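K.L.:
Pasted the sequence and its predicted model underneath.
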2 protein chains.
Amino acid sequence: MLDSKKQIPLKSVLDKTSSGDIFKDMSRLSSPKLQTLLINVFAKRVESMSPSDVLRQYKENRFVQPSKVDQRLFNVVDTAFFKNVDESAEVIELSPVAPVGANSIFAGIHQNNVISTVRNTEVMADTVTTMALECATRRQLGNVDPITLYTSQREIRAQKYEDDSGYLPHFQGMSVVSSYVFDGDEPSLSNALKEHLSFYLNGLKELSDKMENMHMSDIHVEISSMRLLHSLIRTLNLDLEHVKENARNENFDVLAGIDLPKNINIGDTIDGKISREYKITKILDYVQNIAEGATKELREKFPHVSFSIGLDRVVGMGYYQDMSYQITAKNKQGTKFQIASGGEVDWVKQLTQSKKERCVAGGMGVELLLTQFLLKK
Amino acid sequence: MLDSKKQIPLKSVLDKTSSGDIFKDMSRLSSPKLQTLLINVFAKRVESMSPSDVLRQYKENRFVQPSKVDQRLFNVVDTAFFKNVDESAEVIELSPVAPVGANSIFAGIHQNNVISTVRNTEVMADTVTTMALECATRRQLGNVDPITLYTSQREIRAQKYEDDSGYLPHFQGMSVVSSYVFDGDEPSLSNALKEHLSFYLNGLKELSDKMENMHMSDIHVEISSMRLLHSLIRTLNLDLEHVKENARNENFDVLAGIDLPKNINIGDTIDGKISREYKITKILDYVQNIAEGATKELREKFPHVSFSIGLDRVVGMGYYQDMSYQITAKNKQGTKFQIASGGEVDWVKQLTQSKKERCVAGGMGVELLLTQFLLKK
């Protein structure tokens, strides 16, 4: 429909749009009509362009310049990370474009921060939303089995960061999306989290074994719960809006001045009096249970990796439904970076309008891994 | 400039555009203003979209669906092809987008057949043009050394093909671009062609060694010359326009009924009387010389690959300046496919406005390779 074989003639679009208010006209056009208009506009515009116009754009437009990382390195990372993925697992190759709105609707990325195209699509900004669309499509075709999709792909974002922020206009994302139908059985969630953590921890191990110039220490897996955080916020009578506003502020400490540990070892109990006082006994039990299932084998397999339940993680607020994870590590200079993160999202639930749908989505930025942890020879 | 930190306010765009002719207004807007308008239009449009709108688009829009090939297979192909590339060579990771017009201006792809975006870019349709832009940029920064860039990336094209054509909306392209400053020394061209052919032949060999289910026979390298073809067309008084119109018609035989061989072995002479009659003695000498330099070592290294000079290759007409190559092979069913092709293009010359600039650009479609030559286990 949006890309019908028979394209709408430009004239029939124009006849009905020329009200004199270009913004209103364009906002109201049907998608196929807007597509026709925009395709014709760009065909017209490039007619008058010269090679030097294109070259100037290549030099000036921050989106079009190549990565500073050799493509063979990305290849090495992909090989390492996919080596331990079960052969029956699905490592899918997505399109360079996603349906327009895929990220602003689910992932809370403003449409201004993705690059929309003239054909009702947007350049891939985050592969996890497209993988959720793929999961939802399969659910609607009758597939009720757990689905886990992996992919490694370049993503592009239009936010303007300061040059020294480390954020890049485009970067390689290594992502996992697990989708399952919840039947009241908590191990499903533990299993999904375990798959994600296994993928990243195995990949990091494989990569360090392969690259002698890689230096990574203090790898730490933190599991958090939004519901637990919300319980604390309610009990402590904190201003929720204030917490949300500071969700991405690294210096913000939601539990400042409170006698709760910020991190608990998985399996450890906290003082029953404290947990009752903060009304988190039940939710903490649940979180311990999920975390135990997700990490038991991994704690044995990776004795040098530390694991904890984090009580103060506010970063995923408004994004993750409940359980989330992050993997951090220190580079040779001792600076700590988040390497991968993920958590429960409600995208497949929203897409299929089925309350039983659960989805865990996670990702890792490969450029950060390579530039911060792989030392030059 | 095209993506300035300070974005133009939408209002200042609208004040000057509302003439009532939306197409004319949009075609005339400056690039930054058009960008502002389009960003705002899409932000407005997605506000009213629902998850089910996005899911419907995902199912219906042919551009957004994933490849049918497992990403691990692309990874294997990349690893195989880049294994024999010199470590000092540059395998670059390009952006998912190119400057708008990059392909319609150089590669003769109509702008309707690429996907333009709201930010003066287009989704990568052919990596070779962007690599030529990179070469031109380096030339302007004073680099006079030969440059060879390799990359493997997904490309997207908007042509509507029949479903059974084998053409896909998006596919993995494995490309090489060589750029050098011509100093009257023909070996530069031979060397560039040799680099391309080595890359593809080594890669195919490496891949067959690795994949026991790959079946490829009758690998053939054909080297052609547009200047030689044009000589023949002139001497034979053929209708150039008619030949051009049939440049992509596989059943068209430009040398039909003429006593010239369609293929000559590299190093073989043809009857002096015939070559004088068709006025190709001098150009054929040149072509033999280039082809000899490009293939001498490769003919020894790959005794099972055949090599020839093709006199009747019209496919690159209007695209390649002179010398070109194509690699073909047969699959298990005996069907012949073109695997890779490339040739001399004038893109860097046009971009730098320097007559001494030479460029050889070539590519291979990885999906075709995998689907036609790799048998299911």
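P.N.:
Yep, it's here. Nothing here was measured: the structure is a model prediction, and the numbers come from that model. Numbering: from 1, shown residues only, chains lettered A, B, ... in the order given.
K.L.:
which residue does the stretch 251-377 of chain A bring closest to chain B?
P.N.:
Going by C-beta to the nearest C-beta, chain B is nearest to residue A:350 of the stretch 251-377 of chain A, at 4.3 Å. Where you see a C-beta, it was placed from the backbone N, CA and C, and this is true even at glycine.
K.L.:
can you pull the contacts of that residue?
P.N.:
For residue A:350, the contact set (C-beta atoms under 8 Å, 6 or more residues apart in numbering or on different chains) comprises A:106, B:51.
K.L.:
Doesn't it belong to a helix?
P.N.:
Yes. Secondary structure of residue A:350 (DSSP: H, G, I helix; E, B strand; the rest coil): part of a helix.
K.L.:
Look up the pLDDT of it for me, please.
P.N.:
Residue A:350 carries a pLDDT score of 96 in this model.
K.L.:
same deal with residue A:164?
P.N.:
pLDDT, residue A:164: 69.
K.L.:
Same question for residue A:244.
P.N.:
87.
K.L.:
gap between it and chain B?
P.N.:
Distance, residue A:244 to chain B, by C-beta to the nearest C-beta, to the nearest Å: 21 Å.
K.L.:
got it, and residue A:50?
P.N.:
8 Å.
K.L.:
Residue A:209 too?
P.N.:
17 Å.
K.L.:
Kindly report the same for residue A:29.
P.N.:
Distance from residue A:29 to chain B, by C-beta to the nearest C-beta: 9 Å.
K.L.:
any weak-confidence spans in chain A?
P.N.:
A:1-20, A:163-164, A:375-377 (pLDDT under 70).
K.L.:
any idea how it splits into domains?
P.N.:
Per the record, chain A has its domains at A:10-60, A:71-373, by automatic domain parsing.
K.L.:
got TSV for the ones you listed, with distance to residue B:233 too?
P.N.:
Listed next are those as TSV, based on distance: least, C-beta to C-beta, whole Å:
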stretch	distance to residue B:233
domain A:10-60	27
domain A:71-373	39
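K.L.:
top helix in chain A by residue count?
P.N.:
helix A:187-210 (DSSP state H).
K.L.:
How far does that helix sit from its chain's centre?
P.N.:
Its chain's C-alpha centre and that of helix A:187-210 lie 16 Å apart, by C-alpha atoms, centre = their mean, to the nearest Å.
K.L.:
what does stretch A:161-175 give?
P.N.:
13 Å.
K.L.:
mind listing what's buried in that stretch?
P.N.:
Using 16 or more other C-beta atoms under 10 Å in any protein chain shown as the test for burial, stretch A:161-175 gives A:168, A:169, A:170, A:171, A:172, A:173, A:174, A:175.
K.L.:
With stretch A:245-262 instead?
P.N.:
For stretch A:245-262, burial by neighbour count (16+ other C-beta under 10 Å) applies to A:246, A:254, A:255, A:258, A:260, A:261.
K.L.:
Give me the distance between the helix or strand harbouring residue A:35 and the centre of its chain.
P.N.:
Secondary structure assignment for residue A:35, by DSSP states H and E: helix A:31-47. Counting by C-alpha atoms, centre = their mean, helix A:31-47 is centred 32 Å from the centre of its parent chain.
K.L.:
so what does it touch, helix or strand wise?
P.N.:
Counting contacts by 3 or more C-beta pairs under 8 Å, 6 or more residues apart in numbering or on different chains; DSSP states H and E, helix A:31-47 packs against helix A:10-15, helix B:22-28, helix B:31-47.
K.L.:
Can you point out the buried residues in the following helix or strand past it?
P.N.:
Counting by DSSP H and E, the next helix or strand C-terminal to helix A:31-47 is helix A:51-60. By 16+ other C-beta under 10 Å, the buried positions in helix A:51-60 come out as A:51, A:53, A:54, A:55, A:57, A:58.
K.L.:
Ok, stretch A:262-270 next?
P.N.:
Residues A:263, A:264, A:266, A:270 are the ones in stretch A:262-270 that count as buried (16+ other C-beta under 10 Å).
K.L.:
what's the closest of the residues you listed to residue A:316?
P.N.:
residue A:263 (16.2 Å; C-beta to C-beta).
K.L.:
check whether the longest strand along chain A contacts chain B.
P.N.:
For chain A, the longest strand by residue count, based on DSSP state E, is strand A:170-181. Yes. Using C-beta under 8 Å from any C-beta of the partner chain, strand A:170-181 comes into contact with chain B via A:170, A:172.
K.L.:
so residue A:314 touches residue A:250, yeah?
P.N.:
No. The criterion here is C-beta atoms under 8 Å, and residue A:314 misses it with residue A:250 at 10.3 Å.
K.L.:
circling back to that earlier point, tell me which of the helices and strands packed on helix A:31-47 sits nearest to residue B:362.
P.N.:
Across the helices and strands packed on helix A:31-47, residue B:362 has its closest neighbour in helix B:31-47 (31.3 Å, C-beta to C-beta).
K.L.:
Count the neighbours of the residue lying closest to residue A:372 once chain neighbours are set aside for me.
P.N.:
Once flanking residues are discounted, residue A:372 sits nearest to residue A:331: 4.8 Å by C-beta to C-beta, 6 or more residues apart in numbering or on different chains. For residue A:331, the count of nearby residues is 20 (other C-beta atoms under 10 Å in any protein chain shown).
K.L.:
all helices for chain A, in order.
P.N.:
A:10-15, A:22-28, A:31-47, A:51-60, A:71-83, A:102-106, A:127-140, A:187-210, A:226-235, A:240-245, A:272-277, A:281-301, A:347-352, A:366-373.
K.L.:
Nearest approach to residue B:122 belongs to which of those?
P.N.:
Nearest of these to residue B:122, taken as C-beta to C-beta: helix A:31-47 at 8.0 Å.
K.L.:
what is the orientation angle of the closest one with helix B:51-60?
P.N.:
60 degrees (axes from the mean of the first three to the mean of the last three C-alpha atoms, to 10 degrees).
K.L.:
list the buried ones in helix A:31-47?
P.N.:
Buried-residue list, helix A:31-47, by 16+ other C-beta under 10 Å: A:31-46.
K.L.:
which parts of the stretch 101-250 of chain A sit against chain B?
P.N.:
A:101-102, A:104-106, A:110-112, A:115-121, A:123-124, A:130, A:133-134, A:136-137, A:150-152, A:154-156, A:158, A:160, A:169-170, A:172.
K.L.:
Please repeat the previous calculation with a cut-off of 7 Å.
P.N.:
Residues of the stretch 101-250 of chain A lying close to chain B (C-beta under 7 Å from any C-beta of the partner chain) are A:101-102, A:104-105, A:111-112, A:115-121, A:123-124, A:133-134, A:136-137, A:151-152, A:154, A:156, A:158, A:160, A:170.
K.L.:
And for the stretch 251-377 of chain A?
P.N.:
Contacts of the stretch 251-377 of chain A with chain B, taken as C-beta under 7 Å from any C-beta, map to A:350, A:351.
K.L.:
What is the nearest of the buried residues of stretch A:245-262 to residue B:229?
P.N.:
Closest to residue B:229, out of all of the buried residues of stretch A:245-262 and judged by C-beta to C-beta, is residue A:246, at 68.5 Å.
K.L.:
Pretty sure that closest one sits against residue A:256.
P.N.:
No. Counting by C-beta atoms under 7 Å, residue A:246 sits too far from residue A:256 to count as a contact (11.1 Å).
K.L.:
ok, back up a step: between the buried residues of stretch A:161-175, which is closest to chain B?
P.N.:
Closest to chain B, out of all of these and judged by C-beta to the nearest C-beta, is residue A:170, at 5.1 Å.
K.L.:
who's in contact with residue A:137?
P.N.:
B:58, B:59 (C-beta atoms under 7 Å, 6 or more residues apart in numbering or on different chains).
K.L.:
For residue A:268, see how far away residue A:297 is.
P.N.:
19 Å (C-beta to C-beta, to the nearest Å).
K.L.:
nope, residue A:260 is what I meant
P.N.:
Separation of residue A:260 from residue A:268 (C-beta to C-beta) stands at 13 Å.
K.L.:
Residue A:363 - nearest residue in space that isn't next to it in sequence?
P.N.:
residue A:175 (4.2 Å).
K.L.:
Distance check, the one you found against residue A:149.
P.N.:
In terms of C-beta to C-beta, residue A:175 sits 8 Å off from residue A:149.
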